[in-house]
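1. Make a model of this:
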Amino acid sequence: MTPILGTIASQISGHLLTPNNFESISTTTLSTTASDVTFSSIPATYKHLQLRFMSTQTSGGSLFYIQLNADTGSNYAWHELNTTGAASAPYSGSSVGYIKIFGRNVGTGGSANPTSGILDILDYTSTTKTKTTRSIVGQSSNGSGELDFMSGLWFATPAAINSIKIYTHDSTTMTANTSFALYGVK
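-> Numbers count the residues shown, from 1 in each chain. Sure thing, here's the model as predicted:
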């Protein structure tokens, strides 16, 4: 009899992920609107970084982007797969001045349509590797919604990441109560 992988995996005792592997570095919750949030002086004591996000844009949505170490040059690339459940579409950017990280129209429609996401920045302290990111973002729209899978690349001369700027790239701003939490992953 050949065992089914799911049956074997379900018999694992203990935890596959140790809760102590994530340490809070900093959290920012906006009290008013803002066009950007920057995490600076990021300690180089972790293996990876994780940025968690939640927003409720009031109208028109907003596209969220990052820049690393204040690099505004055309040293980034990203790609996205967006789905509404009814249709899917790919998007991308190369040799641009940012990595797109959160949604096609983040939080369009206000508090009834919250958006949340998780961004991972891998091997952020390496000085020999270009940096890669991956994110997943979901938005509820009262019976419909969007799901975005994204990845990014910072292909400047490899350097440890010590700052992350999150900003809107269009004319909208981040609304009050938009929240970002940065974690170090051991």
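
2. What segments of the protein are strands?
-> 22-29, 36-39, 48-55, 62-68, 76-83, 88-96, 99-106, 115-122, 131-140, 145-154, 164-168, 179-185 (DSSP state E).

3. is Leu182 in a bridge, and if so with what?
-> Note on Leu182: beta-bridge partners by DSSP bridges are Ser26, Leu51.

4. neighbours around it, how many?
-> 20 (other CB atoms under 10 Å). To be clear about C-beta, it is placed using only N, CA and C from the backbone, and glycine gets the same treatment.

5. what do you get for Thr157?
-> So Thr157, with other CB under 10 Å, has 8 neighbours.

6. how much space is there between the residue nearest the centre of the chain and Ser26?
-> Against the mean C-alpha coordinate of the chain, by CA atoms, centre = their mean, the closest residue is Leu119 at 2.7 Å. Taking CB to CB, to the nearest Å as the measure, Leu119 falls 14 Å from Ser26.

7. Contacts only, for Leu153.
-> Going by CB atoms under 8 Å, 6 or more residues apart in numbering, Leu153 touches Tyr76, Ala77, Trp78, Ile99, Thr130, Lys131, Thr132, Thr133.

8. partners of it in the sheet?
-> In beta-bridge terms (that is, DSSP bridges), Leu153 pairs with Ala77, Thr132.

9. what residue ranges in the chain score low on pLDDT?
-> 1-19, 57-62, 103-113, 141-143 (pLDDT under 70).

10. right, and Ser55 touches Pro114 too?
-> Yes. The criterion here is CB atoms under 8 Å, and Ser55 meets it with Pro114 at 7.3 Å.

11. Mind checking which of these two has more residues around it?
-> Ser55 (25 against 17).

12. Quick check: the nearest residue to Asp170 once chain neighbours are set aside vs Ser171, distance?
-> Nearest residue to Asp170 in three dimensions, chain neighbours excluded: Leu63, at 5.6 Å (CB to CB, 6 or more residues apart in numbering). Distance from Leu63 to Ser171, counting by CB to CB: 11 Å.

13. Of the two, which one has the most company?
-> A direct count of neighbours by other CB under 10 Å for Leu63 and Ser171 places Leu63 higher, at 17 against 8.

14. is it true that that one touches Phe102?
-> Yes. With contact defined as CB under 8 Å, Leu63 counts as touching Phe102 (7.4 Å).

15. hey, what's in contact with both of those two?
-> Between them, Leu63 and Phe102 share no contacting residue, judged by CB under 8 Å, 6+ apart.

16. Show the contacting residues for the residue nearest to Tyr65 when sequence neighbours are not counted.
-> Closest residue to Tyr65 apart from its sequence neighbours, by CB to CB, 6+ apart: Tyr98 at 3.9 Å. By CB under 8 Å, 6+ apart, the residues touching Tyr98 are Tyr65, Ile66, Gln67, Tyr76, Trp78, His169.
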